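1. Need a 3D model of the following:
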Amino acid sequence: MSFKTLKTAVAAMLGAAMLLGASACGTTDATVDDDGNATNATVGYDVSSVAKDDAIAALVPEDVAKSGKLSVGMELSYAPAEFLAEDGKTPVGYDVDIATALGKVMGLETEIVSSSFDSIVASVGAKYDLGITAMTINEERMKSVDFVSYYKAGFSWIVRKGNPNGVDTSNLCGLKIAVQTGTVQEEEANAAAAKCKADGKDAIEVMSLKQQTEAATSVVTGKADVFYADSPVGGYAISQTGGELESLGDVEGVAKQGVAIAKGDEAMDHAVQQAMQKLMDDGTYMKILKHWGTEAGALDKAEINPTDLS
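-> Numbers count the residues shown, from 1 in each chain. Coordinates of the predicted model:
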C-alpha cells in the first residue's frame, strides 16, 4: 500500500503513520501490558503457542493440506484490522493475527496475500484459499462465496473536528462522501446519490478510493466532507489523526463480518468454522481483539453462512 501524492504539510498534520505505506496507520511506540493488550500497536498478538488440532486439520482440503500453507487475501490498508507495520512490509492487525492462528490450528503456515478489496471475492479459491479482510457478510456476496462469521461492526460517519462543513447524515445531498471501492459504504453512498438526483436535489459526489487511508485523509485535507467506513476503521482513523477527525452520530447498521471461502467448498467451510470456534472457546480470539482494542465487536459463535446477519 502507498500514498505518494500528499503534501508535506498534510503529512505533518496526520503523521507518517496515517499516510505513508511504511507506517500504514500505525505508531512507532507500541506498548503491551501484562495481559497482552496494546495501545496503538503495530506489533501483533503472539499466537506462537496456538497448537495444531489434528481433528480440525483432517478437515482441510487435501490440496491445501499438502501445500502446508494457508493463503489469505487481505487489503492491507484497513487499520486496525489489517495494515503494514513501520517497515512497510510486515502485515499486522487483528485479522492478520486471527488468520495466523487459524493456520496454526489447521497445522498450516499462513501466507498473507496483499490484494485490493474489490478483487478478493472473485479471487477466493483461485488466487488464495481464504479472504479475511473485515468483509461484511451480505446476500450479494453470499452468491459468490461462502462465509464463516467471526466479527461484527457497524458504520461510522467521520468528519473534521467540530464538523466545520455542517454535515447532516439525514440530508447528504450536495456533499462529497469518501468511501473505499467495493465496500458496502460505497453501495449506500451511491444509493443516496441516486435518490438525491431523483428528487431533484443537489448532487452527492461519491469519492471512491482504493484505500481507507486515502478516504480518511481526503476529509482531513478538505477534499471530502465526510468519510463513511466500518466503525473499527473510523475509530482507528480518529485515534491516528491527533484530534483532526471525529465521529458524527452513533454507529449504524451493525452487521457480521466473515471469512470468505470458495463457494460450495464444504470441507474448507467446516475446517474454518471449527478452527474459529476453537479460538473463540479457548480465549485466543478475545485476547487478539483486546490486543487491538476491538473487543466490542466480538462474537461467541462462528457460523457457516449465517442467516442472521446483524
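2. can you give me the strands for the stretch 201-310 of the chain?
-> For the stretch 201-310 of the chain, the strands defined by DSSP state E, counting those that start in this stretch occupy 205-209, 226-230, 245-262.
3. Tell me which of those lies nearest to residue 129.
-> With C-beta to C-beta as the measure, strand 245-262 is the member of the strands of the stretch 201-310 of the chain nearest residue 129 (7.9 Å). The way it works is simple: take the backbone N, C-alpha and C, and place the C-beta from them, glycine included.
4. what's the average pLDDT for that closest one?
-> Strand 245-262 comes out with an average pLDDT of 93.
5. list the buried ones in it?
-> Within strand 245-262, the residues that qualify as buried are 245, 247, 248, 251, 255, 256, 257, 258, 259, 260, 261, 262, counting by 16 or more other C-beta atoms under 10 Å.
6. Next up, the contacts around the first one.
-> Taking C-beta atoms under 8 Å, 6 or more residues apart in numbering as the criterion, residue 245 is in contact with 158, 159, 160, 161, 216, 219, 220, 227, 237, 238.
7. pretty sure the last one contacts residue 158?
-> Yep, that's residue 238 we're talking about. Yes. Using C-beta atoms under 8 Å, residue 238 is in contact with residue 158, at 6.6 Å.
8. shared neighbours, these two?
-> Counting by C-beta under 8 Å, 6+ apart, the residues touching both residue 238 and residue 158 are 245, 246, 247.
9. Distance check, the second one against residue 111.
-> In other words, residue 246. Note on residue 246: its distance to residue 111, by C-beta to C-beta, to the nearest Å, is 38 Å.
10. Could you do residue 140 as well?
-> For residue 140, the distance to residue 111 - C-beta to C-beta - is 28 Å.
11. Residue 50 too?
-> 16 Å.
12. neighbour-wise, which of those two wins?
-> Regarding residue 50 and residue 111, a neighbour count based on other C-beta atoms under 10 Å identifies residue 50 as having more, with 19 against 16.
13. what sits against the more buried one?
-> Here residue 50 is in contact with 101, 104, 105, 279, 284 (C-beta under 8 Å, 6+ apart).
14. Report the central residue of the chain.
-> Nearest to the mean C-alpha position of the chain, by C-alpha atoms, centre = their mean, lies residue 134 at 3.3 Å.
15. returning to that earlier point: need the strands of the stretch 201-310 of the chain in JSON lines (columns: distance to residue 271).
-> Formatted as JSON lines, the strands of the stretch 201-310 of the chain follow (distance: least, C-beta to C-beta, whole Å):
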{"stretch": "strand 205-209", "distance to residue 271": "35"}
{"stretch": "strand 226-230", "distance to residue 271": "26"}
{"stretch": "strand 245-262", "distance to residue 271": "9"}
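16. So for residue 115, which of those strands sits nearest?
-> Here strand 245-262 is closest among the strands of the stretch 201-310 of the chain (C-beta to C-beta), at 11.2 Å.
17. Is residue 202 in contact with residue 192, as I believe?
-> No. At 11.9 Å, residue 202 does not count as touching residue 192 under the criterion of C-beta under 8 Å.
18. of those two, who's got more company?
-> The neighbour comparison of residue 202 against residue 192 (other C-beta under 10 Å) goes to residue 192, with 19 against 13.
19. what's the helix or strand for the closest residue to that one other than its chain neighbours?
-> The shortest distance from residue 192 to any non-neighbouring residue, by C-beta to C-beta, 6 or more residues apart in numbering, is to residue 172 (5.1 Å). Per DSSP states H and E: residue 172 is located in neither a helix nor a strand.
20. Domain-wise, how is the chain divided?
-> 8-153+255-297, 155-253 (automatic domain parsing).
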